[in-house]
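In: this is the structure alone, sequence omitted:
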């Protein structure tokens with residue numbers, strides 16, 4: 001909890017009508033905390049099974065599925081709401097309105113739990129790294145796939161926005177890297193492999209023999225691209241990542 005001096009307060013009646021809870025808003029004056037000095041960088045790759053995979057497993061954001069956990073309770077409340085629906089276009093009964101508020105409360109509870117986890121995770125990442133390379137991933141296309149419900153529960157867009165905003169406020173270097181070819185490129189030699197199917201979760205480089213998890217390798221590729229001042233894998237040549245001796249031999253040939 002942040003210490004400060006309250007200078008104002010207000011009650012939000014809209015939340016009281018929608019969720020059956022009284023919400024108080026407080027305006028607090030506090031001193032701005034200076035972000036700690038941090039070195040090193042981190043790459044972040046977004047996914048569904050794991051919401052965010054980082055170059056270091058310590059900073060992964062797992063998918064906890066809060067909405068899935070309350071699915072039974074939510075289904076029960078939705079059936080109760082359907083039974084009490086009058087079927088007409090007129091005003092609904094008080095029983096239906098109570099059931100609708102209960103459904104809204106369950107949805108809001110799961111969303112708040114996911115939001116809290118994203119904020120804690122983003123704060124931890126920003127505090128420990130000076131360079132934050134983030135996959136510029138847009139989860140909109142997942143809405144038309146079989147992973148739509150799981151992706152919506154994970155709230156990838158909200159987690160990405162929270163990480164970027166906290167990084168900018170802390171004065172970190174935040175780089176957005178295009179997702180193209182990040183899962184097909186080796187983070188050790190930057191050689192491009194064949195296209196991986198979604199069911200293939202292990203990356204194997206045929207050029208150097210490097211083996212790693214698909215998402216972990218993609219996170220490291222994202223960091224490599226950002227460290228070289230680029231925002232796309234296409235901008236980084238393979239020879240830029242090889243030893244100078246090898247590059248000199250290639251130039252002599």
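Out: Done, it's in. Keep in mind the model is a prediction, meaning the values are calculated, not measured.
In: so, low pLDDT: which residues of the stretch 101-250 of the chain?
Out: Filtered on pLDDT under 70, the stretch 101-250 of the chain yields the residue ranges 141-151, 153, 237-250.
In: repeat the analysis, applying 80 as the threshold.
Out: By pLDDT under 80, the low-scoring segments of the stretch 101-250 of the chain are 138-155, 194-199, 235-250.
In: do a quick rundown of the strands in it.
Out: Secondary structure of the stretch 101-250 of the chain by DSSP state E, counting those that start in this stretch: the strands cover 131-135, 173-177, 202-204, 211-213.
In: the last one pairs with which strands, parallel or anti?
Out: Here strand 211-213 is paired, per DSSP bridges, with strand 202-204 (antiparallel).
In: same check, this time on the second one
Out: With DSSP bridges as the criterion, the sheet partners recorded for strand 173-177 are strand 131-135 (parallel).
In: in the partner strand, what counts as buried?
Out: Buried residues in strand 131-135, defined by neighbour count with 16 or more other CB atoms under 10 Å: 131-135. Heads up, the C-betas are built off the backbone N, CA and C, glycines and all.
In: same deal with stretch 208-220?
Out: For stretch 208-220, by 16+ other CB under 10 Å, it's 210, 212, 214-220.
In: now the host helix or strand of residue 72: mean pLDDT?
Out: Residue 72 belongs to helix 71-83 when elements are defined using DSSP states H and E. For helix 71-83, mean pLDDT is 83.
In: quick one: residues contacting residue 229.
Out: By CB atoms under 8 Å, 6 or more residues apart in numbering, residue 229 lies in contact with nothing.
In: quick check on it: phi, psi?
Out: phi 80, psi 20 (degrees, to the nearest 10).
In: can I get the strands of the stretch 101-250 of the chain in CSV with distance to residue 229?
Out: Formatted as CSV, these follow (distance: least, CB to CB, whole Å):
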stretch, distance to residue 229
strand 131-135, 11
strand 173-177, 9
strand 202-204, 24
strand 211-213, 24
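In: which of these sits closest to residue 114?
Out: Ranking these by proximity to residue 114 (CB to CB) places strand 131-135 first, at 18.3 Å.
In: contact partners of the closest one?
Out: 40-46, 125-126, 160, 163-164, 167, 172-177, 179, 182, 218-219, 222-223, 225-227.
In: now these: which count as buried?
Out: Using 16+ other CB under 10 Å as the threshold, 41-46, 125-126, 160, 163-164, 167, 172, 174-177, 179, 182, 218-219, 222-223, 225-226 are the buried ones among those.
In: just to revisit the earlier point, adding distance to residue 236, write the buried residues of strand 131-135 out as CSV.
Out: Shown next, in CSV, are these (distance: CB to CB, whole Å):
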residue, distance to residue 236
131, 16
132, 18
133, 12
134, 17
135, 15
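In: residue 43 belongs to a strand?
Out: Yes: counting by DSSP: H, G, I helix; E, B strand; the rest coil, residue 43 is found in a strand.
In: find the residue closest to it in space, skipping its chain neighbours.
Out: residue 223 (3.2 Å; CB to CB, 6 or more residues apart in numbering).
In: what bridges to residue 212?
Out: Going by DSSP bridges, residue 212 forms beta bridges with residue 203.
In: that one: what's it in contact with?
Out: 187, 202-203, 220.
In: roughly how far does residue 124 sit from residue 101?
Out: Using CB to CB, to the nearest Å, residue 124 is found at 35 Å from residue 101.
In: nope, residue 193 is what I meant
Out: Applying CB to CB to residue 193 and residue 101 gives a distance of 52 Å.
In: residues touching residue 178, list them.
Out: 136, 231-233.
In: which residues touch the nearest residue to residue 74 once chain neighbours are set aside?
Out: Closest residue in space to residue 74, ignoring its immediate chain neighbours: residue 106 at 4.8 Å, by CB to CB, 6+ apart. Going by CB under 8 Å, 6+ apart, residue 106 touches 70, 73-74, 77.
In: also residue 217?
Out: Residue 217 neighbours (CB under 8 Å, 6+ apart): 183, 186-187, 203, 210.
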